[in-house]
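> Let me see the structure of the following:
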Amino acid sequence: MRFEEAYTGWQNGRLTQAEAARLLGVCERTLRRQIDRYESDGMDGLIDKRLTQLSHKRAPVDEVMGLVDLYRSDYQGWNAKHFHTWYARDHGGQRSYTWSRTSYSKQVRCSGQSARKHRKKREREPLPG
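I've put the predicted structure just below:
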């Protein structure tokens with residue numbers, strides 16, 4: 001809606017390109033790119049296409065499910081660090097520790113990631129006097 005207002009203001013001569021860009025909070029070059037996309041594709045051309053694309057770094061679903069199955073079948077109850085060490089050494093895992101930890105902790109509750117507090121509360125000693 002704001003883009004159309006800035007665009008019509010620029011088309012009618014009420015705004016310069018710099019003023020229209022400032023109104024939208026972008027630089028002049030970005031505004032010119034948006035104008036080109038708007039004139040060729042309409043409002044659909046202004047939609048950010050990056051949001052609909054999957055990352056090229058994303059792991060395949062088969063690899064994630066294989067990791068989870070391996071943990072459930074052979075390494076149930078191991079903490080994240082020990083599991084990753086064995087996964088990398090014995091099963092040829094090439095991914096990072098953080099990736100393996102987050103991948104299987106979404107599926108399985110790991111022993112090293114309990115929800116309890118780090119320190120236990122103890123009964124306080126009474127104050128003297």
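> Show me which helix or strand of this protein is least confident by mean pLDDT.
Within the chain, no helix or strand scores below helix 97-105, which has a mean of 84 by mean pLDDT, DSSP states H and E.
> As CSV, could you dump the C-alpha coordinates of that helix?
What follows is helix 97-105, C-alpha atoms only, in CSV (Å, rounded to 0.1, in the frame of the first residue of the first chain):
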residue,chain,number,x,y,z
TYR,A,97,28.3,-31.1,16.6
THR,A,98,25.7,-28.3,16.8
TRP,A,99,23.9,-29.6,13.8
SER,A,100,23.7,-33.2,15.2
ARG,A,101,22.6,-31.9,18.6
THR,A,102,19.8,-29.7,17.4
SER,A,103,18.7,-32.3,14.8
TYR,A,104,18.1,-35.1,17.2
SER,A,105,17.1,-33.0,20.2
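> can you tell me which residue is nearest the centre of this structure?
Ser55 (9.9 Å; Cα atoms, centre = their mean).
> returning to what we had before: pull out the buried positions in the least confident helix or strand of the chain.
99-101, 103-104 (16 or more other Cβ atoms under 10 Å). Quick note: C-beta positions are derived from backbone N, CA and C, even for glycine.
> by contact count, what packs against it?
With contacts defined as 3 or more Cβ pairs under 8 Å, 6 or more residues apart in numbering; DSSP states H and E, helix 97-105 has these neighbours: helix 61-74, helix 80-90.
> Could I have the CA atoms of the first one written out in PDB?
Presented in PDB, the C-alpha positions along helix 61-74 are these (Å, rounded to 0.1, in the frame of the first residue of the first chain):
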ATOM      1  CA  VAL A  61      15.400 -35.300   5.500                       C
ATOM      2  CA  ASP A  62      16.800 -38.800   5.000                       C
ATOM      3  CA  GLU A  63      20.000 -37.800   6.800                       C
ATOM      4  CA  VAL A  64      18.200 -36.300   9.700                       C
ATOM      5  CA  MET A  65      15.900 -39.300  10.100                       C
ATOM      6  CA  GLY A  66      18.900 -41.600   9.800                       C
ATOM      7  CA  LEU A  67      20.600 -39.700  12.700                       C
ATOM      8  CA  VAL A  68      17.400 -39.900  14.900                       C
ATOM      9  CA  ASP A  69      17.000 -43.700  14.100                       C
ATOM     10  CA  LEU A  70      20.600 -44.300  14.900                       C
ATOM     11  CA  TYR A  71      20.300 -42.500  18.300                       C
ATOM     12  CA  ARG A  72      17.100 -44.400  19.200                       C
ATOM     13  CA  SER A  73      18.400 -47.800  18.200                       C
ATOM     14  CA  ASP A  74      22.000 -47.800  19.500                       C
END
